[in-house]
Structures are given as structure tokens and as C-alpha cells.
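J.: Sharing a model prediction with you, sequence too.
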Amino acid sequence: MSEQATDSGDSGLTGADTRQAEFEVHNKGVLGHIQHALHVNPTLVPVIILLLSVAVFYVATDGKLLTGLAIKVTLEQTAIVGILACAQTLVILTAGIDLSVGAVMVLSYVAMGHLAVTYGVPTPLAIIGGMLVAMLCGLANGLLVTRLRLPPFIVTLGTWRIVLATVFLYTGSQSIRSQDIDAEAPALKFFGERAELFGLQFKIMGVPQIWALVLMIGVFVVGWYVLHRTAWGRHVYAVGDDAPAAELAGVATSRVLISVYVVAGAVCGLAAWAAIGRVGSISPSSFAEANLESIAAVVIGGTSLFGGRGTILGTLFGALTVGVFTTGLKLAGADPQWVLFASGCLIIVAVAIDQWIRRVSS
């Protein structure tokens, strides 16, 4: 009898408790198993959403969504959104948000254009200068968040408006024409050039201007490696999951946060260079919805707005989903405002799914 009591005490569970635990494990139901599977494999969520989006818009557009032209347009749009979404992913993983990524990208390519075309700076130096401008914006965001302890939402909301105002005040809302870029700094449009090999043009997925896609894929590959194979990446996840605990464990949380915002700025600078090739000119009013689209791509991709959970691969599927929605609605003849409506709905649905998945451990 004493041995039985000792065994029960060691296990911490009575016979009734054990039967109840087994009952709960084996009676999770279909939804419980789905919830657990999505919790263990978070990339499944954006993949499922992408496949459902393709299926719905394939039917809604009578198959036009999967024509060569539609695929070309979708991938070209995804390239810029995807690069910006990589920057946004880094910030959101730290339980922050960056509302200024689109404006920083615009400021960066305006700086590149004016340095090269207006002031005659050699194109490579102009590109580096534009990227440094974007990194300085990221540094400002990081310092405001860490030194003044301001919420990232408020900081980046403010810098978003400041950066946009700076762009319009400096340029006078005037664009740099494509002809001027071709004459003074054609290398700025490199990511819009047709790919050639031994004098032959080649394409990927029907897209002749593939260099922006190559850049996007490269950014995702580097982002995946840095986040999952380096100490810095592990620190980013730790800060987002529980900053006080990470600091107690020896992580310099302020340095990590500042570096995240600076790296995000550098990625915005790369997106700026690609955006010049995508549009062909430099307009201060372009990419007005880039902020919303980048956030939508990250959230649809399964990265939690509460930080510490998510994958860069999921963001890629999220960016593709945003591209599918944009192209699908246009092909279906919907009003442009429905694109904004759909993006907002996607964000809400994705956050709701994230909350439901997070409850698996409660």
C-alpha cells in the first residue's frame, strides 16, 4: 500500500487525474488536431491561404489568373512587396511594427535618383548613398524605440509622415523621368532590364524582367539563414518572445532592436533600387500602399504581431497571396478600392487565425 502511495506521489497524478489527462489528449477532436498541426508547422497557414486564393480567383476570373500575362504581373508586383515584407518581418519578430518602410523606400530611391541624375554622382555611389539614407532612417527609429522607450507603432507612424513630407518638400512633387535616368544613370534601372545570357533573352515563369525576382529570392535566402543559423537571429526571436527574460539571459536587447531597424532600413534601400527598375522613373507619389501590403504579407505569412514567432518563408507565401489578391481583383473588374478592402480583411483574418493557433498551448 505504501509503495502504491509512493508511486502516486512520484507521478504527481492520481488515477483519476491520469484518466482525465488521457481523455483530454485522445478527444481533442478534428479542430484540435488541426490547431495543433498549424501550431507545429506555422508555414502551413500561408500556404493554405495562398492555394485557396488562387483557386477562388481562378474561378472568379474564368481562368485568367493563371495566364502568362497575369503570372508575370503578379510576380513583378510581388518582388517589391516581398523585399519590403522581409524588412517588416524582422521588426514584427521583435514585437514591433514599422509603418515607415514604404516611405523610407521612396526617400531612398529619390536620394539615389537625385544624386545620380541631378548632381552627377557616379551611379554606384548614388546607390550606396540612397541605401545609407534608408539605414539612417532605420537607425532613427531604433534609437527612438530604445532610448526614449516609445512604442514602435507611434515612432514609425511619426517617421512615416516626416519622411513623406521630406520627400515632397525636397522634390516639389516632381518626378525624374525615365529618359533622364537612361541618359545619366541607366544602372539605376538594372532590376528592370531584360535578362540576357550570351545575347539570348531568358525568362522565369514568363517574366522577362527577372532580376528583381532574383533579388527578392536572394533577400529571403539570406534572411532565412541569418534568422535560423546565427546568434543574432536567435537573439531577435528571444527579444520578441520575452525581452526582459532575454536581457536577464545576457542578450543586449537595445543593441539587437537598433540593429534590427538598421538592417530593415538597408533592405528598404535594396527595395528602392529594385523599385526604380520596376517603375522606370522616380516618382515621390508611387507605392502609396506599400506599408499596408508589407504588413499584410507578414501577418498572412504567419508571423505573430506579438513577436517571437514566425518564419521568413511564410512571409514569401504571404507576399504571393497579396499579389494574387491584387491581380485577381483587377482581372475580375473590381474597383481599386476593393484591393484595400481585401487587404484589410486579410490582415484581420490572419491575426484571428494566429490568436486561435496560439491558444493551443493554453
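T.: Cool, the structure landed. This structure is a prediction, so every number in the text was calculated from the model and none was measured. Numbers count the residues shown, from 1 in each chain.
J.: Flag the shaky bits of this structure, pLDDT-wise.
T.: Regions of the chain meeting the criterion pLDDT under 70 cover residues 1-28, 35-40, 42, 194-209, 358, 360-362.
J.: List the contacts of the spatially most central residue of it.
T.: Ranked by distance to the mean C-alpha position of the chain (Cα atoms, centre = their mean), the top residue is residue 85 at 1.7 Å. Counting by Cβ atoms under 8 Å, 6 or more residues apart in numbering, residue 85 makes contact with 293-294, 297-298, 301, 315, 318-319. Just so you know, the C-beta spots here come from the backbone N, C-alpha and C atoms, and that holds for glycine as well.
J.: Could you measure from it over to residue 284?
T.: Summarising the geometry, the distance separating residue 85 from residue 284, computed by Cβ to Cβ, to the nearest Å, is 22 Å.
J.: same deal with residue 187?
T.: Distance, residue 187 to residue 284, using Cβ to Cβ: 21 Å.
J.: Would you mind telling me which of the two has the busier surroundings?
T.: When neighbours are counted by other Cβ atoms under 10 Å, residue 187 and residue 284 differ, and residue 284 comes out ahead with 23 against 16.
J.: Secondary structure element for the more buried one, which one?
T.: Of the helices and strands defined by DSSP states H and E, none includes residue 284.
J.: quick one on the thing from earlier: what about the closest residue to the residue nearest to the centre of the chain other than its chain neighbours, how many residues nearby?
T.: Residue nearest to residue 85 in three dimensions, not counting chain neighbours: residue 297, with 3.8 Å by Cβ to Cβ, 6 or more residues apart in numbering. The criterion is other Cβ under 10 Å. On that basis, residue 297 has 33 neighbouring residues.
J.: host element of residue 297?
T.: helix 290-300.
J.: chain center to the next helix or strand after that helix, what's the gap?
T.: The element immediately downstream of helix 290-300 (helix or strand, assigned by DSSP H and E) is helix 312-331. The chain centroid and the centroid of helix 312-331 are separated by 11 Å, computed with Cα atoms, centre = their mean, to the nearest Å.
J.: Check whether residue 291 really touches residue 105, as I assumed.
T.: No: in this structure residue 291 lies outside contact range of residue 105 using Cβ atoms under 8 Å: 9.6 Å.
J.: Looking at the two, which is more packed in?
T.: Remark: of residue 291 and residue 105, residue 105 carries more neighbours, 33 against 23, as counted by other Cβ under 10 Å.
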